[in-house]
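S.K.: coords please:
(chains A and B)
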Amino acid sequence: MPRTEPIRAVRGVRDILPRDRSLWRAAERAAAEVATRFGYQEIVTPIIERVELIERVGEDTDAIAKELYRFEDRGGRQLALRPEATAGIVRAYFEGGLNQGPQPARLYLFGPMFRYDRPQKGRYRQFYQFDIEAIGSASPALDAEVIEIARGWLNESGIPELKLELNSIGDGVCRPAYLDRLRDYYRPLEEKLHPDCQRRLETNPLRLLDCKVPQCQPFKAGAPRITDHLCEPCSQAWTQVRRLVESAGIEYVHNPYLVRGLDYYTRTVFEFYPAGASGQQDALASGGRYDGLAETEGWPSTPGVGFAGGFDRVVEVMAASGVEVVAAPAAEVAVLADAGLDHEAANIARICRAVRSVAVDYEAKSLAAKMRSAAKLGARWVVLLSADEAARRTARLRDMASGEQVEVAWDELPERLSR
RNA sequence: GUGGCUAUAGCUCAGCAUGGCAGAGCACCAGAUUGUGGAUCUGGGUGUCGCGGGUUCAAGUCCCGCUAGCCACCCCA
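M.R.: Now for the predicted structure:
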């Protein structure tokens, strides 16, 4: 028999198997419950979008240049697998007329996102996010609200110890003037910066602040802080957000180096880390305000705020912190019939399914082997059937915990199983 | 996109330095058990040694290329 290489999964993707699924489900349930409690409704948007939608909002960034999962469809359209949810949700907000309903539109979404980079631990080409967006309001109260939702989700997922970092990056009014100050500060130091940062100095000076290269670190402390140079509206919003977060009982640290690289981000930015996290790579959820995004997409200027949280990493942290979800057995009842009684076994299973989950073992194996399988399945009961009993329309019901076994008429099985 | 490490049974891995019969544990199957379980004992190997090429009398082992995985960098919209 000729053999070929078995077909394996595509590079950088993975399966979530039944044994892991219960933990994922717990994280998803926590997300949906918290979102619902805050009046957010679920939205589902396509995982494919026009490449312009993604490129428009992330032009020039490495992320788009190198990591966008893009392709051409059969009609020659340039498409991308979405790398994040916000751009698509904002598009749907206008296309679906949510801009004409009560504002803000409070929305949440679960789903896979894609990035085309080299896989490593915790970074897959297909990964899963929980996304929250409040679109159509500039109120700082919503910044605090989405922060509270993020914390609520992580807490209810079983991650109580969190670190919240918070910052404001101003807006189109005050940021340009601040960026000039930042450039003025860094220009004399240019030669001491590493090459990427020398380039950033002119192209994207905010990025200088969250550079992680050791040689650039000494200069950060003396750099001007944007929170000291906010315009009046931004400054008031910054004060409000902090006050609201505090009154929600949420501890945070102001990290003046927390930034976003793209112009449409405004004011609030935040990230949640697990308590012990040191590096920048461990953010469980990150978000902020994006008052310039709708306009970037070509829609009417509309404010919005939200966050995205990664299930892959959250589930990892849950497992590491000992969160355990009792997995339900695949079937509560296993039906084991002698050879040739498949019909009768299926009938009995159908009867029992009125009250319990039931799986039939149709394999041609010894009874001992079938009992072994039933035990491993976690079945609480086993229904045994021989030809004699089938003729009488009875079966033996065995309680796997006690080992008690009684002969029962088929019709009485549901009653006995529901005790 | 860059660098390092790795690839042998369904899974985890040993064997490779110094080329010479394809191995272990777990899992799985069967039996002990005149049909009844997760424990125990006994038996069973289920394999293109990732793929392709090269060196050699001989390659799982040495060399080259490719693919994939892991780790880190870049980046994380």
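
S.K.: so the most centrally placed residue in chain A: helix, strand or coil?
M.R.: Against the mean C-alpha coordinate of chain A, by CA atoms, centre = their mean, the closest residue is A:Gln129 at 2.3 Å. When the structure is reduced to helix, strand and coil (DSSP: H, G, I helix; E, B strand; the rest coil), A:Gln129 reads as strand.

S.K.: ok, the one 4 residues further on next?
M.R.: Reducing the assignment at A:Glu133 to three states with three-state DSSP gives strand.

S.K.: need the single longest helix in chain A, by residues.
M.R.: In chain A, with assignment by DSSP state H, the single longest helix is helix A:18-37.

S.K.: is RNA strand B contacted by it?
M.R.: No - using CB under 7 Å from any atom of the strand, helix A:18-37 stays clear of RNA strand B, coming no nearer than 12.9 Å. To be clear about C-beta, it is placed using only N, CA and C from the backbone, and glycine gets the same treatment.

S.K.: helices or strands up against that helix?
M.R.: For helix A:18-37, the contact count by 3 or more CB pairs under 8 Å, 6 or more residues apart in numbering; DSSP states H and E identifies strand A:105-114, strand A:126-135, helix A:140-156, helix A:311-320 as packing neighbours.

S.K.: what's the neighbour count on A:Arg350?
M.R.: The burial metric for A:Arg350, expressed as a neighbour count using other CB atoms under 10 Å, is 13.

S.K.: tell me if it really is in a strand.
M.R.: No - the assignment for A:Arg350, made by three-state DSSP, is helix rather than a strand.

S.K.: picking up where we left off before, now do the longest helix of chain A: everything it contacts.
M.R.: Here helix A:18-37 makes contact (CB atoms under 8 Å, 6 or more residues apart in numbering) with A:16, A:42, A:108, A:110, A:130, A:132, A:149, A:152-153, A:156-158, A:309, A:311, A:314-315, A:318-319, A:323, A:325-328, A:330.

S.K.: now do the buried residues in that helix.
M.R.: A:Leu23, A:Trp24, A:Ala26, A:Ala27, A:Glu28, A:Ala30, A:Ala31, A:Ala32, A:Val34, A:Ala35 (16 or more other CB atoms under 10 Å).

S.K.: beyond it, next helix or strand please.
M.R.: Helices and strands here follow DSSP states H and E; after helix A:18-37, the next one along the chain is strand A:41-42.

S.K.: run the chain-centre distance for that following strand.
M.R.: A distance of 15 Å separates the C-alpha centroid of strand A:41-42 from that of its chain, computed with CA atoms, centre = their mean, to the nearest Å.

S.K.: again, but for stretch A:380-395
M.R.: On the basis of CA atoms, centre = their mean, stretch A:380-395 is displaced by 47 Å from the centre of the chain it belongs to.

S.K.: spell out whether that stretch and RNA strand B are in contact.
M.R.: Yes - Stretch A:380-395 lies within reach of RNA strand B by CB under 7 Å from any atom of the strand, at A:Val382, A:Leu384, A:Ser386.

S.K.: one step back: list the beta-bridge partners for the residue nearest to the centre of chain A.
M.R.: The partner list for A:Gln129 in beta bridges (DSSP bridges) reads A:Gly111, A:Gly310.

S.K.: quick one, what contacts the residue of chain A found nearest RNA strand B?
M.R.: When you check chain A against RNA strand B by CB to the nearest atom of the strand, the closest residue turns out to be A:Lys121, at 2.5 Å. Applying CB under 8 Å, 6+ apart, one finds that A:Lys121 lies in contact with no residue.

S.K.: picking up where we left off before, just the buried ones from the contacts of helix A:18-37?
M.R.: Listed as buried from the contacts of helix A:18-37 are A:108, A:110, A:130, A:132, A:149, A:152-153, A:156-158, A:309, A:311, A:314-315, A:318, A:325; burial here means 16+ other CB under 10 Å.

S.K.: greatest separation within the residues you listed: which pair is it?
M.R.: A:Ile132 and A:Val325 (23.1 Å; CB to CB).

S.K.: list phi and psi for A:Trp381.
M.R.: Recorded main-chain torsions at A:Trp381 are phi -130, psi 150, according to degrees, to the nearest 10.

S.K.: ditto for A:Arg70
M.R.: A:Arg70 has phi and psi values of phi -120, psi 160 when expressed as degrees, to the nearest 10.

S.K.: repeat for A:Val358
M.R.: Backbone phi and psi, for A:Val358 under degrees, to the nearest 10, turn out to be phi -130, psi 130.

S.K.: ok, it to A:Leu413 distance?
M.R.: As judged by CB to CB, to the nearest Å, A:Val358 and A:Leu413 stand 10 Å apart.

S.K.: ok, now A:Glu67?
M.R.: From A:Glu67 over to A:Leu413 the distance is 56 Å, taken as CB to CB.

S.K.: perfect, I'm done here.
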